[in-house]
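> quick one: sequence plus predicted model below, questions after.
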Amino acid sequence: MRLTQMPEWLRLKELASNEINIKEQFLLDSDRLHSMSFNLGHMYVDISKNRATKDVMTSLYDLARASDVSDWADRMFSGEVINTTEKRAVLHIALRNVKYERGNFLPISSILVDGEDVMPAICDVLNRMAIFSDKLRSGGWTGATGKRIRKVVNIGIGGSDLGPKMIVRALEAYRLKDLEFHFVSNVDGQDIYEVLRKCDPEETLFIVASKTFTTQETMQNAVTAKNWFLSKMREDDVAKHFIAASTASKEVSAFGIDLDNMFPFWDWVGGRYSSPSAIGISIMLSIGKEAFAEFLHGHHLMDQHFLNTPAEKNIPINLALLGIWYNNFLGVETMAMLPYDQRLERFPAYFQQGDMESNGKTITREGERVDYQTGPIIWGEPGTNGQHAFYQLIHQGTKLIPCDFIACVNPAHPYRKEHHDKLIANFIAQQEALMNGKSKEQLIADGCPEELIPHKTFDGNRPSNAILLQELNPVTLGMLISMYEQKIFTQGVIWQVLSFDQWGVQLGKELAGVILKDIESGNPKEHDPSTTALLKKYLKD
């Protein structure tokens, strides 16, 4: 049945015609906070400040059940081919189906793909990564001249960059202080230039992260890094300074990388979900194998919560359903992610890709064009910086923007009284202000000049979710990442789209190859008038 014809969808459409005031809902339902807040491990999630009544939430749960979210989750976790356009299973969840005992990564349970258990291969790669990580971190692995590796440069793009970059930054407190990490992704030469000028070839290790070893941006940056390296070192030295996260053994070997230092992953791992795989070798090098195991454990905790918890108490499902409520019934097109923790500064960018590349679709699983909105626009910046940039629009603008506020009770720095108390005060106050606003009567009572009252009135009734971690550590970060991944999965199931392909990124890549040939020839073929004019302008200047 088409989504917009389902009785559960039509019921929600009816409910959306009613005005809902968040403050009034607390007065009408004394149990609201209890029923709309959740604890899992060291994570607390409060969704009570949303424009949603009991009837709305009940109807959303009905929609999830009618959409078979639980069944689709079982199908994903069991290794069924649910990425049908690429004929692949979707098994990033298998990457964290591991435990760490006596120095080894071991499977928690078997997961079959085409009758073969994938868990032994996953654990083999993790254990090989751990051996290499231990060698490099201890100084047992040195560069070609015997000097210790001091800098690690990850070369990748998309999921091979955004995840490792965000996670290494987020877990800075766990980083081995003798190692410095850099990330290069953009084919703009300025990106790699700025990194290489900080490096010494004798003390630098490069990670080339590309499944096929053909990604244009990644391979151009890898070749540039290799040429820079060879300006001072020998060809035979490449094997001591370059490793790969890839499956293309022929291409990796031709590049000069020892295949013992190629860490593979699988086609059922989407790039934006790949940080727990070999793509995360930079993460393990930074925080060590034990902390990496904790990171995987955090993912697994949330995965199991998602798989086994009824919708009413299921954190990712509740977040997903509220997102659908705003996106499809209240006309909301964007969602802000606002981490009140500087270590999570790259978190919004990470889930821009995670969400928008997954559910930015117009075609259903059945190949039909949708007649409803799918994935929202995801954006955000760390607090309190955002307060001095775009919160004006969130508080008093014409657009309704639901916000996810993320913070930690305990900081990693020693400045709790001077800094952290102020940060958390802002984290809490912004959510209170968005919900409560400030009325004309309050302004009059405060003695506000009459001519300023319209300008200083805040309507309030603007929604937010609060996600509070006890502290930011490998376990809680893993939980946080999995929470949003499973939210995205749930929304994709309900919207009846395929969340694990990304054909939309291909056309631009194909055309870039054609245009590059035009540039290299100096005699461009005819395109549309605007494209041709741009080419000629570039070649002329």
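Sure thing, it's come through.
> right, and the helix or strand after the helix or strand where residue 253 lies?
Secondary structure assignment for residue 253, by DSSP states H and E: helix 249-255. Per DSSP H and E, the first helix or strand lying C-terminal to helix 249-255 is strand 262-263.
> follow-up on the earlier one: other residues contacting the helix holding residue 253?
Outside helix 249-255, the residues within contact range by Cβ atoms under 8 Å, 6 or more residues apart in numbering are 208, 212-214, 222, 226, 238, 242, 244, 246, 259, 262. Any C-beta I mention is one placed from the backbone N, CA and C, and that applies to glycine too.
> next, the buried residues of that helix.
251-252, 255 (16 or more other Cβ atoms under 10 Å).
> and those residues as a markdown table, adding pLDDT?
Shown next, in a markdown table, are the buried residues of helix 249-255 (pLDDT from 0 to 100):
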| residue | pLDDT |
| --- | --- |
| 251 | 97 |
| 252 | 97 |
| 255 | 97 |
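> would you list these in JSON lines and tack on distance to residue 377?
Output for the buried residues of helix 249-255, formatted as JSON lines (distance: Cβ to Cβ, whole Å):
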{"residue": "251", "distance to residue 377": "36"}
{"residue": "252", "distance to residue 377": "37"}
{"residue": "255", "distance to residue 377": "38"}
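> could I get the average pLDDT for the host helix or strand of residue 506?
Assigned by DSSP H and E, residue 506 belongs to helix 506-521. Regarding helix 506-521, the rounded mean pLDDT is 91.
> what's that helix packed up against?
If contacts are counted by 3 or more Cβ pairs under 8 Å, 6 or more residues apart in numbering; DSSP states H and E, helix 506-521 sits against helix 216-230, helix 529-540.
> so where do the helices sit in the stretch 101-250 of the chain?
Counting by DSSP state H, counting those that start in this stretch, the stretch 101-250 of the chain has helices at residues 119-138, 159-170, 189-196, 216-230, 238-241, 249-255.
> nearest to residue 481 among those would be which one?
Nearest to residue 481 among the helices of the stretch 101-250 of the chain is helix 159-170 (8.1 Å), distances taken as Cβ to Cβ.
> and the closest one, what does it pack against?
Packed against helix 159-170 by the contact rule (3+ Cβ pairs under 8 Å, 6+ apart) you find strand 151-155, strand 180-184, strand 204-209, helix 281-308, helix 347-359.
> how much does the fourth one deviate in direction from helix 159-170?
Going back to what we said before, that points to helix 281-308. In terms of direction (axes from the mean of the first three to the mean of the last three Cα atoms, to 10 degrees), helix 281-308 departs from helix 159-170 by 90 degrees.
> also the last one?
Following the same axes, to 10 degrees, one obtains 150 degrees for the angle between helix 347-359 and helix 159-170.
> could you do the second one as well?
Here strand 180-184 points in a direction 150 degrees away from that of helix 159-170 (the same axes, to 10 degrees).
> against which helices or strands is strand 180-184 packed?
On a contact count with 3+ Cβ pairs under 8 Å, 6+ apart, strand 180-184 meets strand 151-155, helix 159-170, helix 189-196, helix 281-308.
> any weak-confidence spans in the protein?
For the chain, not a single residue meets the criterion pLDDT under 70.
> could you rerun that using 80?
Across the chain, the ranges flagged by pLDDT under 80 are 541.
> what is the burial count for the residue nearest to residue 295 when sequence neighbours are not counted?
Nearest residue to residue 295 in three dimensions, chain neighbours excluded: residue 474, at 3.9 Å (Cβ to Cβ, 6 or more residues apart in numbering). Residues lying near residue 474 (other Cβ atoms under 10 Å) number 24.
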